[in-house]
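could you work out the structure for the sequence below:
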Amino acid sequence: MISFHKLKIILLLIVLSIVVLIPDTVFGLLLEISHALFEVLEEGFDLLIEHVFGTGRHETQIIVFYLLFSLVMYGLYKLWRFSRRWYSELKITWAEQKTNALLYWQESSLLRKIEIVVIGIITISLLIFWHTL
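Down below sits the predicted model:
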């Protein structure tokens, strides 16, 4: 019997492999689904406002536009606030990692330093070769 935790990991690996293998199809599907959800939301707002306020089609569309515009602006504001906090945490983490790497480099032997540089050169060469395929 497969445990629930292992089942979640298996499903996550399947979804991740699908996204890696066919990203254009997955992201195209996500774009279509998000567009359909937006249209459903917009039509729902249209019907609600027409029914509650008894407005015409043009007035309803203007009200819905400004309502959706306000929601998007609020979401962008929250994203901006979150990104500022995330950026400050990222700067702190980057400084800590840079300090750790510098200390590791200073404490490493010459042979280990050569090994690190060679592994880096090989990795960059393989990435460049793979990108040109």
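
so which elements touch the host helix or strand of residue 90?
If you go by DSSP states H and E, residue 90 is part of helix 57-107. In this structure, helix 57-107 packs against helix 23-53, with contacts taken as 3 or more C-beta pairs under 8 Å, 6 or more residues apart in numbering; DSSP states H and E. C-betas here are computed from N, CA, C, even on glycine.

how much space between residue 17 and residue 55?
According to C-beta to C-beta, to the nearest Å, residue 17 and residue 55 sit 50 Å apart.

who has more neighbours, the two?
Neighbours were counted for residue 17 and for residue 55 using other C-beta atoms under 10 Å; residue 55 has more, 15 against 10.

next up, the contacts around the more buried one.
Residue 55 sits next to 49, 63 when contact means C-beta atoms under 8 Å, 6 or more residues apart in numbering.

quickly note the distance from it to residue 48.
11 Å.

likewise for residue 129?
With C-beta to C-beta as the criterion, residue 129 and residue 48 are 57 Å apart.

and for residue 69?
Where residue 48 is concerned, residue 69 sits at a distance of 17 Å (C-beta to C-beta).

go on, residue 70?
Counting by C-beta to C-beta, the gap from residue 70 to residue 48 is 16 Å.

would you mind measuring from residue 55 to residue 40?
Distance from residue 55 to residue 40, by C-beta to C-beta: 20 Å.

my guess is residue 46 contacts residue 60. True?
Yes - the pair residue 46 and residue 60 passes the contact test of C-beta atoms under 8 Å, sitting 5.4 Å apart.

neighbour count for those two, which is higher?
residue 60 (19 against 16).

no further questions, thank you.
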